[in-house]
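S.K.: Just the structure for this:
(one chain, ligands or ions: 3)
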Amino acid sequence: MEKAIAAGKAGEPIVALFGLFGKDEEKTIQQVPQHIAVIMDGNGRWAKKRGMPRKAGHATGAETFRRIATYSKDIGVKYFTVYAFSTENWKRPQDEVDALMNLFRKYLKEAIEDMAKNNVAVRVIGDLHVLPEDIRELIRDCDTVAAKLEDPAYATLCINYGGRDEIKNAVRDIARKVKAGELEPEDITEDTITNHLYTADMPDPDLIIRPSGEIRISNFLLWQSAYAEYYFTDVLWPDFKPEDLDEAIASFHQRQRRFGGV
Ligand code: IPE
Ligand code: IPE
Ligand code: MG
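M.R.: Ligands and ions are numbered 1, 2, ... in the order given. Next up, the predicted model:
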């Protein structure tokens, strides 16, 4: 296969071509978005359609997370970020919140075991202070293992995450520095704000996917999504397949990103 073809022309759906050459085809891998984020939505409706409790939808949605995170790493996506629990989701019935916390326990334990083998750094971002202590400990253990990985792919779970809450916390940190005389108000730049967010060491998302038919952002990555491309699909998250990710990436490749230019 000619390199020129592998590299693709502008706007060509690169992932649709993926099967034509090996997974380690360097040029192909470079074409996928560097950072894909997903608002994992539709678990409850998926369960309702089957006469099952909402928590069954969350359990299947968590399996989908594992599958899609693995697939995105395999096709060369460096950063894969998912919205797993918002600062607003505490409003849900206690047994649903408990079921979600139990899934976080299960998947974090699994991540600690598997991270080194897969060279995927699993991270959790959000306001973690209010999470149960045992979950916070699992997150610290994850961080310890992740710190030892060399040039890993990143799978980031947003738990008790809210875009406005994140910006509020950044503003507080910056205000403290100003008050302490460490920073002049005139020296606050956009980068200062970026560097005080939970995502300080990550690039902005290139592509944000929301399944389940809702066309809103529900307080996800508000600052970071300034120039993200959005992809909405009616597929419910537990039904989301690698082919749906291919389709989202193909759509991404049809877009012309201008970043305010011409
Ligand atoms: C997304 O699925 C998972 C979380 C928000 C934790 P939902 O639980 O919101 O599913 P729907 O939107 O009710 O179908
Ligand atoms: C967004 O989904 C939050 C997560 C996916 C974790 P929601 O189901 O909570 O959002 P709304 O209520 O439909 O806006
Ligand atoms: Mg929902």
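S.K.: Neighbours of I135, how many?
M.R.: 17 (other C-beta atoms under 10 Å). Placement of C-beta: from N, CA and C, glycine included.
S.K.: if I've got this straight, it is in a strand?
M.R.: No. Per DSSP: H, G, I helix; E, B strand; the rest coil, I135 lies outside any strand segment and is helix.
S.K.: What distance do you get for it to C142?
M.R.: I135 sits 10 Å away from C142, going by C-beta to C-beta, to the nearest Å.
S.K.: what do those two both touch?
M.R.: Shared contacts of I135 and C142 (C-beta atoms under 8 Å, 6 or more residues apart in numbering): L108.
S.K.: Surely L157 touches A84?
M.R.: Yes. Applying C-beta atoms under 8 Å, one finds L157 in contact with A84, separated by 4.9 Å.
S.K.: ok now the helix or strand where T192 lies, how far from the chain's centre?
M.R.: Using DSSP states H and E, T192 sits within helix 190-194. Relative to its parent chain, helix 190-194 has a centroid offset of 20 Å by C-alpha atoms, centre = their mean, to the nearest Å.
S.K.: Check stretch 218-235 too.
M.R.: What separates the centre of stretch 218-235 from the centre of its chain is 10 Å, taken as C-alpha atoms, centre = their mean.
S.K.: Ligand 1 contacts on the stretch 101-250 of the chain?
M.R.: The stretch 101-250 of the chain comes close to ligand 1 at residues S212, as judged by C-beta under 6 Å from any ligand atom.
S.K.: Residue of the stretch 101-250 of the chain closest to ligand 2, please.
M.R.: Shortest the stretch 101-250 of the chain-to-ligand 2 distance, computed as C-beta to the nearest ligand atom: residue-wise this is S218, at 3.6 Å.
S.K.: so what pLDDT did that residue get?
M.R.: For S218, the pLDDT comes out at 98.
S.K.: ditto for N160
M.R.: 98.
S.K.: Output the longest helix belonging to this protein.
M.R.: helix 94-118 (DSSP state H).
S.K.: And it, what's buried?
M.R.: Along helix 94-118, these residues count as buried under the neighbour rule (16 or more other C-beta atoms under 10 Å): E96, A99, L100, M101, L103, F104, Y107, L108, A111, I112, M115, N118.
S.K.: wait, the fourth one sits on P132?
M.R.: Yep, that's M101 we're talking about. Yes. Counting by C-beta under 8 Å, P132 is a contact partner of M101 at 6.4 Å.
S.K.: mind listing the strands for this structure?
M.R.: Applying DSSP state E to the chain gives strands spanning 35-39, 79-86, 120-125, 153-161, 207-210, 229-232.
S.K.: wait, doesn't the residue of the stretch 101-250 of the chain closest to ligand 2 sit right on N89?
M.R.: No. S218 lies out of contact with N89 (C-beta under 8 Å); the separation is 9.7 Å.
S.K.: Between these two, point out the one with more neighbours.
M.R.: Shown here are S218 and N89; by other C-beta under 10 Å, N89 has more neighbours (17 against 14).
S.K.: Run a quick check on the more buried one versus M101, I expect a contact.
M.R.: No. With contact defined as C-beta under 8 Å, N89 does not reach M101; the gap is 10.8 Å.
S.K.: picking up where we left off before, next, show the common contact partners of L157 and A84.
M.R.: Here L157 and A84 share the contacting residues F104, scored by C-beta under 8 Å, 6+ apart.
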